[in-house]
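1. following is a predicted model, sequence given first.
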Amino acid sequence: VRLEESGGGLVNSGEPLTLSCKASGFAFNDYSIGWFRQAPGFLREGVGCIRRDGTVTFPDSVKGRFAISRDNAKNTAYLRIDSLIPDDTAVYYCAADCLGTSPMEWWGPGTHVTVSS
């Protein structure tokens, strides 16, 4: 099992960013993919999830700015963030479930996003 995030970096406030989560070693089509983030000094939080049927859910805190999609042919899920703000600075992770309760091997190592003001 392997998940790997990419697309992070240093971005300016107000710009958009798309992160990718490339998966391998399991039946990607059969799993939900959750996106999470952890900012320095804060607990990890969920920022959205896409289920196997394509249904997406988001917490109220990011609704309207975050979008999630998946390409099952590429075993890849995407997190798009519009209008980045400094509070979006965090390490972003993907996992093969929506609740974040999977064992560590079902998580990616994370990708850093830093938003400059």
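-> That came through fine.
2. for the spatially most central residue of the chain, which residues make a bridge with it?
-> With distances taken as Cα atoms, centre = their mean, residue 35 lies nearest the centre of the chain, 3.2 Å away. Beta bridges link residue 35 to residue 48, residue 94, judged by DSSP bridges.
3. quick one: contacts for it?
-> Applying Cβ atoms under 8 Å, 6 or more residues apart in numbering to residue 35 gives the contacts 19, 21, 46-49, 66, 68, 77, 79, 92-94. Where you see a C-beta, it was placed from the backbone N, CA and C, and this is true even at glycine.
4. try 7 Å this time
-> By Cβ atoms under 7 Å, 6 or more residues apart in numbering, residue 35 lies in contact with 47, 48, 49, 68, 79, 92, 94.
5. show me what whichever strand in the chain runs longest is in contact with.
-> Determined from DSSP state E, the single longest strand within the chain is strand 17-24. The contact list for strand 17-24, computed with Cβ under 7 Å, 6+ apart, reads 2-8, 11, 33, 75-81, 84, 92, 94, 108, 111, 113.
6. please redo it, this time with the cut-off set to 6 Å
-> With Cβ atoms under 6 Å, 6 or more residues apart in numbering as the contact definition, strand 17-24 has outside contacts at 2-7, 11, 75-81, 84, 92, 94.
7. partners of it in the sheet?
-> Sheet pairing for strand 17-24, assigned by DSSP bridges, gives strand 2-6 (antiparallel), strand 76-81 (antiparallel).
8. give me the buried stretch members for the helix or strand that the first one is followed by, please.
-> The C-terminal neighbour of strand 2-6 among helices and strands, as given by DSSP states H and E, is strand 9-12. Of the residues in strand 9-12, those with enough neighbours to count as buried (16 or more other Cβ atoms under 10 Å) are residue 11.
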